[in-house]
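J.: Got a predicted model here, sequence first, then my questions.
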Amino acid sequence: MDGLIDNPALRRPRSVEELADPILRTVGECMCGLAATTDLTIRYAGAQRLGDESESDRSVLVPELPAVPTTKDVAVLRGHADAAAFRYLYHDAELHRRLAPSDPGLAAVFRRIEHVRIDTLGTRHMKGAADNIAAMLDERYLAPRFAGVVDQAGAPIGEALAVMVRERLIGVVRRYTFVEFWRPVLEQAFGAELDRLAAHVDDQTRFARRVLHMLSRLDAARDGEPTDGAGGPPIDPKTDEPGEIERDSLSQGAAEGLKVANEEASGQRTMHGEAAEGVAPTREEKSTATTEPDGEVTADASQRRRTETLILEDAYRAFTTQYDRVIHPDKLLTQDRLIALRQEIDA
């Protein structure tokens, strides 16, 4: 084919095109290309704290760059952008909201560990993105708030658990000092469960059930109380899943989230079409699902769209490939232009 296909999802987003900062503009274009969407926008955080944006916010906040940014500064910025692109691809914000604990502290830990799941999916085959996200984490965890911790009392146990989940799923990139204050406690309490998490990264609901099961006993672990057989929801040996909930024995807020997650996985609750089977829906399914008057989302439109897609795929046949032409990337841009783009990113 002599011309390139005009895919609206890959056009330069207007909000990115208008950015004056060439580094921010370039990173923004890469972010939208990675997410295959023009829905995301990127801007400097300014007076806002990083992480202040909501789970469903399409405006991504990144740290301000100094007047003469270093390679590390740009890597941190790219880490925020890559993480946002992966959240767009692999995260169901509405499902997360339903499952999240009501307790703000536990909800923050739950969100942090969900980000680990997303990063795991996104960086499986993208070493560059993995390096950028690692730089972003270093920026966070090597800051005085964490690096200056001198005892267990000052070390946040929830953040330590999130880092240990990341080590299990992605690998150990760096040992952070504050984690070591809690590592023996958390390994003893949740070591076996941390090992099982990798089997559930592709399923947001089942992964959340595992995480909520741990969070339900986090207070007990912090206080040095036994976590096995302490009244928390047991792991069913047949299904290898958390069982029934004893609300009074759980950390505040984790009980309701685990209850909803169990309902989602067992089919007692229907939302976003396929979510009743414990599988988070694709963005295509979410956009085609229909809403009933009572607020429930049905799978009819999603199923119709899926069937139509299968029919179209089965019906399509290339009449001929005689006139097809392959153009290699190095022929699309001159060497000088490639060097100029590389310098914009690395500057």
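T.: Alright, I've got the coordinates.
J.: tell me what the helix or strand hosting Thr205 is packed against?
T.: Thr205 is part of helix 204-215 when elements are defined by DSSP states H and E. If you count contacts as 3 or more Cβ pairs under 8 Å, 6 or more residues apart in numbering; DSSP states H and E, helix 204-215 packs onto helix 93-99, helix 104-122, helix 183-196, strand 241-242, helix 254-266. All C-beta atoms are positioned from the backbone trio N, CA, C, and that covers glycine.
J.: who wins for proximity to Arg175 among those?
T.: helix 183-196 (9.2 Å; Cβ to Cβ).
J.: can you pull the buried residues of the closest one?
T.: Within helix 183-196, the residues that count as buried by 16 or more other Cβ atoms under 10 Å are 185-186, 189-190, 193-194.
J.: In a markdown table: the residues you listed, plus pLDDT and distance to Lys127.
T.: Putting these into a markdown table (pLDDT from 0 to 100; distance: Cβ to Cβ, whole Å) gives the following:
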| residue | pLDDT | distance to Lys127 |
| --- | --- | --- |
| Val185 | 94 | 33 |
| Leu186 | 95 | 28 |
| Ala189 | 93 | 33 |
| Phe190 | 94 | 29 |
| Glu193 | 94 | 28 |
| Leu194 | 95 | 24 |
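J.: And the furthest pair within those?
T.: Val185 and Glu193 (13.8 Å).
J.: could I get the buried residues of helix 183-196 as CSV with distance to Arg98?
T.: Conversion of the buried residues of helix 183-196 to CSV gives the following (distance: Cβ to Cβ, whole Å):
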residue, distance to Arg98
Val185, 30
Leu186, 27
Ala189, 26
Phe190, 24
Glu193, 22
Leu194, 24
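J.: any idea how far Gly191 is from the spatially closest residue to Trp182 that is not a sequence neighbour?
T.: Counting by Cβ to Cβ, 6 or more residues apart in numbering, Trp182 lies nearest to Ala160, which is 4.1 Å off, once chain neighbours are set aside. Distance, Ala160 to Gly191, using Cβ to Cβ, to the nearest Å: 14 Å.
J.: Could you do His213 as well?
T.: Distance of His213 to Gly191, computed by Cβ to Cβ: 14 Å.
J.: OK, contacts around the residue nearest to Val149 when sequence neighbours are not counted?
T.: Spatial nearest neighbour of Val149, excluding adjacent residues (Cβ to Cβ, 6+ apart): Phe178 at 4.2 Å. Counting by Cβ atoms under 8 Å, 6 or more residues apart in numbering, Phe178 makes contact with 141, 146-147, 149, 154-156, 159-160.
J.: Quick check on those: which are buried?
T.: Buried residues within these, defined by neighbour count using 16+ other Cβ under 10 Å: 141, 146, 149, 155-156, 159-160.
J.: so which of the helices and strands packed on helix 204-215 comes closest to Asp73?
T.: Judged by Cβ to Cβ, the one of the helices and strands packed on helix 204-215 that comes nearest to Asp73 is helix 104-122, at 20.3 Å.
J.: Counting by contacts, list what the closest one packs against.
T.: Checking 3+ Cβ pairs under 8 Å, 6+ apart, helix 104-122 ends up next to helix 71-90, helix 93-99, helix 127-141, helix 157-169, helix 204-215.
J.: most tightly surrounded among those?
T.: Of all these, helix 204-215 has the most neighbours on average by mean count of other Cβ atoms under 10 Å, namely a mean of 26.
J.: Next, the angle helix 183-196 makes with it.
T.: Here helix 204-215 runs at an angle of 150 degrees relative to helix 183-196 (axes from the mean of the first three to the mean of the last three Cα atoms, to 10 degrees).
J.: tell me the angle of helix 204-215 relative to helix 71-90?
T.: Angle of helix 204-215 versus helix 71-90, following the same axes, to 10 degrees, is 110 degrees.
J.: next SSE after helix 204-215?
T.: helix 218-222.
J.: Let me see the mean pLDDT of that following helix.
T.: Regarding helix 218-222, the rounded mean pLDDT is 90.
J.: Export that helix to PDB, keeping only CA atoms.
T.: Below are the C-alpha coordinates for helix 218-222, written out as PDB (Å, rounded to 0.1, in the frame of the first residue of the first chain):
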ATOM      1  CA  LEU A 218      -2.600  -5.600  57.800                       C
ATOM      2  CA  ASP A 219      -3.500  -4.100  61.100                       C
ATOM      3  CA  ALA A 220      -2.900  -7.400  62.800                       C
ATOM      4  CA  ALA A 221       0.500  -7.800  61.100                       C
ATOM      5  CA  ARG A 222       1.500  -4.300  62.100                       C
END
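J.: ok, the nearest residue to Asp195 once chain neighbours are set aside to Gly191 distance?
T.: The spatial neighbour of Asp195 that comes closest, neighbours along the chain excluded (Cβ to Cβ, 6+ apart), is Arg168 at 6.7 Å. Using Cβ to Cβ, Arg168 is found at 9 Å from Gly191.
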